[in-house]
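Colleague: coordinates only, sequence not included:
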């Protein structure tokens, strides 16, 4: 098998945040596989086949990509942000478990600027101290796990980056998350709502958690709740390096 | 004041992981400020002054950069990885609190590929599910805080990325961290030791946490402890997307 599979992160949206190694991988590809809006970020050219697919078919998409690579194609699976953070890399490795002969393929993962880093940079430095990242989508885990992790993250005084805060299928999850964090004593912490960072629709809004409303987030929003020391300086929000 | 201050992330080491917007900022700079080894990654050219400084002088370095910018210079403060993750961005905002006239400066943060994303990509996808990042350096926080966060992170079943695992000044901290995680029942979890990712000295090693030894890490190592479901497939290590 001489095909290759590359799992690449396109960053948050602006091509100025796509790493040169990802750009090179896209230029060398014969096939691009991914969720439609991400595949649409790759310019069509002769010799390149685009394979856009719907959301929520990650495992089928991963298997299709591996099949193409085992047919000798040079396949790039694209994710927004970083492919290893709540994105396609885990799905590809899951698919890899199903067919051991695929494990002989040349596979590599190319990191990218994940949404929380882009959002944090726009806001200032809210991830400058210890933090965690939690995917609020309950497609793949029960809500009880999400709830437990939010409570422990609050107790640990981590800054908390929340991915996929509001799914279309379960919009009430994010309201519950805000309630849990308020109950855990985080009401005075700063909450940053960063929408569509680095795109023309970018919007950054910072409020006290107690004033945060569920409808401030949608599926293109990344929410960062600061730790108990996170504060404003001028137009920025940052986590001091020191805690006592 | 027409000077500018840009806080930029150079990624883990390989120029192929430096984003185009960071490359453009470096090309437009009159002054580069940072820790010596990071400043050394920027090629000298006419009209560019390099200001390398020692480790552990972050606040003085940040003030010096702000002073240069307020003198009308175009200053780039460089960090490895992402400047907002245990790096220079927080120090700049701290310095900004000291002199309110600096707050009128044009300041921006350009994200980068932080060490844990580069390490995770090389290993597979160990950050494919909820995770946290903890700086093990106790220069700026007491060890009791680190210990509490490690215990809560284990209880939350987060994958745990540990930055600065072994400082020269306090090498015993990492041994204690491993002991805490073992006591918390994480002995069977996979631990990835990723050293100098994307440089010629890169080395990736994966063992069970119970077999991890403190001397497997140094200051150029990023350690990722998987969650309880993290497993191997072929030569890769990944976190399945689903938990029950």
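Modeller: Arrived safely. Note that the structure is predicted; figures quoted are calculated from it, not measured.

Colleague: Find out how far stretch A:58-75 is from the centre of the chain, if you would.
Modeller: Stretch A:58-75 sits 22 Å away from the centroid of its parent chain (CA atoms, centre = their mean, to the nearest Å).

Colleague: Stretch A:231-243 now?
Modeller: 24 Å.

Colleague: and it with chain B, contact?
Modeller: Yes - legend: contact between stretch A:231-243 and chain B by CB under 8 Å from any CB of the partner chain is shown at A:233, A:234, A:235, A:236, A:238, A:239, A:240, A:241, A:242, A:243. In this view, the C-beta of every residue, glycine as well, is placed from N, C-alpha and C.

Colleague: List the buried residues for that stretch?
Modeller: A:231, A:233, A:236, A:237, A:238, A:239, A:240, A:241 (16 or more other CB atoms under 10 Å in any protein chain shown).

Colleague: from the residues of stretch A:231-243 next to chain B, which ones fall inside strands?
Modeller: Counting by DSSP state E, the residues of stretch A:231-243 next to chain B place A:233, A:236, A:238 in strands.

Colleague: Tell me if I'm right that the first one and residue A:124 touch.
Modeller: Read that as residue A:233. Yes - Residue A:233 lies in contact with residue A:124 (CB atoms under 8 Å); the separation is 7.5 Å.

Colleague: Now do the helices in chain A.
Modeller: With DSSP state H as the criterion, chain A has helices at A:20-28, A:36-39, A:58-70, A:88-98, A:115-123, A:143-155, A:172-181.

Colleague: hang on, the earlier thing: nearest to residue A:69 among the buried residues of stretch A:231-243?
Modeller: Among the buried residues of stretch A:231-243, residue A:239 lies closest to residue A:69 (CB to CB), at 41.4 Å.

Colleague: thinking again about what came up before, what touches both of residue A:233 and residue A:124?
Modeller: Common neighbours of residue A:233 and residue A:124, counting by CB atoms under 8 Å, 6 or more residues apart in numbering or on different chains, are residue B:93.

Colleague: For the residue nearest to residue A:93 when sequence neighbours are not counted, give me its contacts.
Modeller: Leaving out its chain neighbours, the residue that sits closest to residue A:93 by CB to CB, 6 or more residues apart in numbering or on different chains is residue B:238, at 3.9 Å. Residue B:238 makes contacts with A:89, A:90, A:93, A:94, B:124, B:125, B:126, B:128, B:230, B:231, as judged by CB under 8 Å, 6+ apart.

Colleague: one more time with 10 Å
Modeller: Contact analysis of residue B:238 by CB atoms under 10 Å, 6 or more residues apart in numbering or on different chains lists A:84, A:89-94, A:96-97, A:109, B:120, B:123-129, B:190, B:226, B:229-232.

Colleague: How about residue A:13?
Modeller: Taking CB under 10 Å, 6+ apart, one finds A:37, A:41, A:80-81, A:113, A:115, A:118, A:196-202, A:220 in contact with residue A:13.

Colleague: Residue A:229 now?
Modeller: A:129, A:157, A:159, A:189, A:238, A:239, A:240, A:241, A:242, A:243, A:244.

Colleague: Break chain A down into its structural domains.
Modeller: A:4-113, A:116-238 (automatic domain parsing).

Colleague: that older thread, kindly reformat the ones in strands among the residues of stretch A:231-243 next to chain B as CSV and extend each row with pLDDT and distance to residue A:103.
Modeller: CSV is the format used below for those (pLDDT from 0 to 100; distance: CB to CB, whole Å):
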residue, pLDDT, distance to residue A:103
A:233, 97, 50
A:236, 97, 46
A:238, 98, 44
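
Colleague: Let me know how buried the closest residue to residue A:72 other than its chain neighbours is, in neighbour terms.
Modeller: Among residues not flanking residue A:72 along the chain, residue A:3 sits closest, at 4.5 Å (CB to CB, 6+ apart). Using other CB atoms under 10 Å in any protein chain shown, residue A:3 has 19 neighbouring residues.

Colleague: for residue A:55, same thing?
Modeller: 11.

Colleague: what do you get for residue A:201?
Modeller: 10.

Colleague: my read: it touches residue A:220, true?
Modeller: Yes - using CB atoms under 10 Å, residue A:201 and residue A:220 qualify as a contacting pair, with a distance of 7.4 Å.

Colleague: Common neighbours of those two, please.
Modeller: A:13, A:195.

Colleague: Distance of the nearest residue to residue A:19 once chain neighbours are set aside relative to residue B:199?
Modeller: Leaving aside its chain neighbours, residue A:19 sits nearest to residue B:17 (4.9 Å; criterion: CB to CB, 6+ apart). Separation of residue B:17 from residue B:199 (CB to CB, to the nearest Å): 11 Å.
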